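Novice: Coordinates for the following, if possible.
(chains A, B, C and D)
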Protein chains: 2
Amino acid sequence: MSSALRSADQVHAELSRQIIAGQLRPGDPLAETALAQRFSLSRTPVREALHRLASEGLVERGPRRAFLVRRMSHATLRDLFETLGELEALCAAMAAHRMTATDLARLQTILDEGDGPHADYAAANARFHAALRAGAQNEVLAEVLDELDRRSLPWRSAQFDARAARIDSSRDEHRAILEAVAARDGDRAAAVMRGHMATSLAVILDMLSDRGA
Amino acid sequence: MSSALRSADQVHAELSRQIIAGQLRPGDPLAETALAQRFSLSRTPVREALHRLASEGLVERGPRRAFLVRRMSHATLRDLFETLGELEALCAAMAAHRMTATDLARLQTILDEGDGPHADYAAANARFHAALRAGAQNEVLAEVLDELDRRSLPWRSAQFDARAARIDSSRDEHRAILEAVAARDGDRAAAVMRGHMATSLAVILDMLSDRGA
DNA sequence: GCCGCATCAATTGTATACATGTCGTTATCA
DNA sequence: TGATAACGACATGTATACAATTGATGCGGC
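Specialist: Numbers count the residues shown, from 1 in each chain, chains lettered A, B, ... in the order given. Okay, here's the model as predicted:
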């Protein structure tokens, strides 16, 4: 039962990964029995994983109380990104007041790493936001942001793949945020972050309409 | 298996209630077998309820992966209330921009009901914040606030019982929030709400130190 | 007297069998 | 021919038995 080897955790991690990566798409069914067979396990750990995913908002329950990958209306998606944007903005403002010089240097390093032409920009993007969360020095806020992050990832992950130009604009926005944080200007950091998240939402909604979703 | 009759939900609701009411106190053990006996059920639904409570932050895991009612350091408690305060402030600001005249009237009614000498002020307080959440018109933000609310309730519930004077000041703060919202002044509503939550935290920390916690 | 190891007990993790409810299908009746 | 009710299959919900891990305790050696 060592923590890393629990079957339920493995199933949870794997399903989470597949949903976020888009291998499992919104509306896809997730039957306990079928998944148990696929993972060569009993229904018990699969069941636990599904319930956790449901409480995290990645999975919803359909007719017959069946599990399925969560679908989201544009309205709810808008709510999600609005909340995420406001919380990231709050986080940026708090970080502007609380980050140490060392933290700031780390943030700069993360930005520079994302500059490489072959760098994994999605990963660098995640690290940037994570560093900001750490800098805000509020565990609970960090937890809430992590949760909303996971919840929005299925829709954010494809952003950079499909819109290469988005990388450049996103990078510029990150630099502007760093500048504001370094200047200890919480209000400006929050404002820029709000714009950053709003732009991301616009790009995503644009992609969805292209795909006819 | 109609949703209201699921054993796991009943156990979850009952444990949640007891933790919030203080009948189960931070650090108390919650063994699956013992609870199963107490509820005359098998471990399975009890287990599901405990996992849900853990994911909601009301329950944590101790040595031997045992479940126990969550304990909180003062630092984490501060983080929780800071986050809750900022989110309530955000909510108030959004409500100031989005609430309809009808919504405002309902908010006023709720405040008036809380005025009665024998009224249950804790309940009126909860209704006030709930109405504000509805007025902000953002489902996701409402969900997040609900969760943080439940998580902080064990520490907030005793506030009005132990400090009768707190009721009057809390009522005044609510009136100030309503005024700001009615005036469509989001910034002022947010500022007043921040102060409101900060005062609550101060009262709670004061109570905890009195109890020698 | 103290440190280390082995054994033990208690708790959660997992597997499997059975119960129960819901939805789709079909057959029958008006 | 349409609607309705019964039937059946399939999903999750629950109960119980067994396995595995962990923290504690006692014993023995140093």
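Novice: Quickly check: stretch A:177-186 near chain B or not.
Specialist: No: Stretch A:177-186 stays clear of chain B (CB under 8 Å from any CB of the partner chain), getting no nearer than 12.0 Å. Heads up, the C-betas are built off the backbone N, CA and C, glycines and all.
Novice: Buried residues, that stretch. List them.
Specialist: Neighbour-count burial for stretch A:177-186, counted by 16 or more other CB atoms under 10 Å in any protein chain shown, picks out A:177-178, A:180-182, A:185-186.
Novice: Then stretch A:191-205?
Specialist: A:191-194, A:196-197, A:200-201, A:203-205.
Novice: residues from chain A in reach of DNA strand C?
Specialist: Residues of chain A lying near DNA strand C by CB under 7 Å from any atom of the strand: A:1, A:6-8, A:41-45, A:48, A:63-64.
Novice: hmm, 10 Å instead?
Specialist: For chain A, the contact set with DNA strand C under CB under 10 Å from any atom of the strand comprises A:1-3, A:5-11, A:32-33, A:36, A:39-49, A:62-66.
Novice: In a markdown table, list the buried residues of stretch A:177-186 along with pLDDT.
Specialist: Below are those laid out as a markdown table (pLDDT from 0 to 100):
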| residue | pLDDT |
| --- | --- |
| A:I177 | 94 |
| A:L178 | 94 |
| A:A180 | 96 |
| A:V181 | 95 |
| A:A182 | 95 |
| A:D185 | 96 |
| A:G186 | 95 |
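Novice: if I look at A:L68, how far off is B:P45?
Specialist: For A:L68, the distance to B:P45 equals 23 Å [CB to CB, to the nearest Å].
Novice: give me the element A:L68 is part of.
Specialist: According to DSSP states H and E, A:L68 maps onto strand A:67-69.
Novice: Report all helices and strands that that strand contacts.
Specialist: With contacts taken as 3 or more CB pairs under 8 Å, 6 or more residues apart in numbering or on different chains; DSSP states H and E, strand A:67-69 sits against helix A:43-56, strand A:59-61.
Novice: Can you pull up the most central residue in chain A?
Specialist: A:D149 (2.9 Å; CA atoms, centre = their mean).
Novice: I'd assumed that one was in a helix, is it?
Specialist: Yes: membership of A:D149 in a helix is supported by DSSP: H, G, I helix; E, B strand; the rest coil.
Novice: Check what pLDDT it gets.
Specialist: Predicted confidence (pLDDT) for A:D149: 90.
Novice: Against A:E56, how distant is it?
Specialist: Distance, A:D149 to A:E56, by CB to CB: 11 Å.
Novice: which is the next helix or strand following the lowest-mean-pLDDT helix or strand in chain A?
Specialist: Scoring the helices and strands of chain A by mean pLDDT, DSSP states H and E places helix A:158-162 at the bottom, with a mean of 64. The helix or strand immediately downstream of helix A:158-162 is helix A:164-182, counting by DSSP H and E.
Novice: Alpha carbons of that following helix, in PDB - could you do that?
Specialist: Listed in PDB are the C-alpha atoms of helix A:164-182, where the atom choice follows Å, rounded to 0.1, in the frame of the first residue of the first chain:
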ATOM      1  CA  ALA A 164       1.500  28.400 -33.200                       C
ATOM      2  CA  ALA A 165       1.200  32.200 -33.200                       C
ATOM      3  CA  ARG A 166      -0.300  32.000 -29.700                       C
ATOM      4  CA  ILE A 167       3.100  31.000 -28.300                       C
ATOM      5  CA  ASP A 168       4.600  34.400 -29.200                       C
ATOM      6  CA  SER A 169       1.700  36.400 -27.800                       C
ATOM      7  CA  SER A 170       1.600  34.300 -24.600                       C
ATOM      8  CA  ARG A 171       5.300  34.700 -24.100                       C
ATOM      9  CA  ASP A 172       5.000  38.500 -24.400                       C
ATOM     10  CA  GLU A 173       2.200  38.500 -21.900                       C
ATOM     11  CA  HIS A 174       4.300  36.500 -19.500                       C
ATOM     12  CA  ARG A 175       7.100  39.000 -19.800                       C
ATOM     13  CA  ALA A 176       4.700  41.800 -19.000                       C
ATOM     14  CA  ILE A 177       3.500  40.000 -15.900                       C
ATOM     15  CA  LEU A 178       7.000  39.400 -14.800                       C
ATOM     16  CA  GLU A 179       7.800  43.100 -15.200                       C
ATOM     17  CA  ALA A 180       4.800  44.200 -13.200                       C
ATOM     18  CA  VAL A 181       5.600  41.600 -10.400                       C
ATOM     19  CA  ALA A 182       9.200  42.700 -10.300                       C
END
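Novice: ends of stretch A:14-28, how far apart?
Specialist: Stretch A:14-28 stretches 15 Å from its first residue to its last (CA to CA, to the nearest Å).
Novice: do stretch A:21-29 as well
Specialist: The straight-line separation of the ends of stretch A:21-29 (CA to CA) is 16 Å.
Novice: contact partners of that stretch?
Specialist: Contacts to stretch A:21-29, defined as CB atoms under 8 Å, 6 or more residues apart in numbering or on different chains, come from residues A:15, A:18, A:30, A:62, A:66-72, A:154, A:157-158.
Novice: and if we set it to 7 Å?
Specialist: Residues outside stretch A:21-29 that contact it (CB atoms under 7 Å, 6 or more residues apart in numbering or on different chains): A:18, A:66, A:68-72, A:154, A:157-158.
Novice: Please apply the same query to stretch A:107-114.
Specialist: By CB under 7 Å, 6+ apart, stretch A:107-114 touches A:119, A:121, A:124, A:127-128, A:131, A:171, A:174-175, A:178.
Novice: Pass me the low-pLDDT residue ranges in chain A, would you?
Specialist: Along chain A, the model assigns pLDDT under 70 to residues A:1-5, A:116-119, A:158-162, A:211-213.
Novice: And the helices in it?
Specialist: Using DSSP state H, the helices of chain A run over residues A:7-21, A:32-39, A:43-56, A:74-98, A:101-113, A:121-135, A:139-156, A:158-162, A:164-182, A:186-210.
Novice: any idea of the angle the fifth one forms with helix A:164-182?
Specialist: The reference is to helix A:101-113. 160 degrees (axes from the mean of the first three to the mean of the last three CA atoms, to 10 degrees).
Novice: With that, I have no additional questions.
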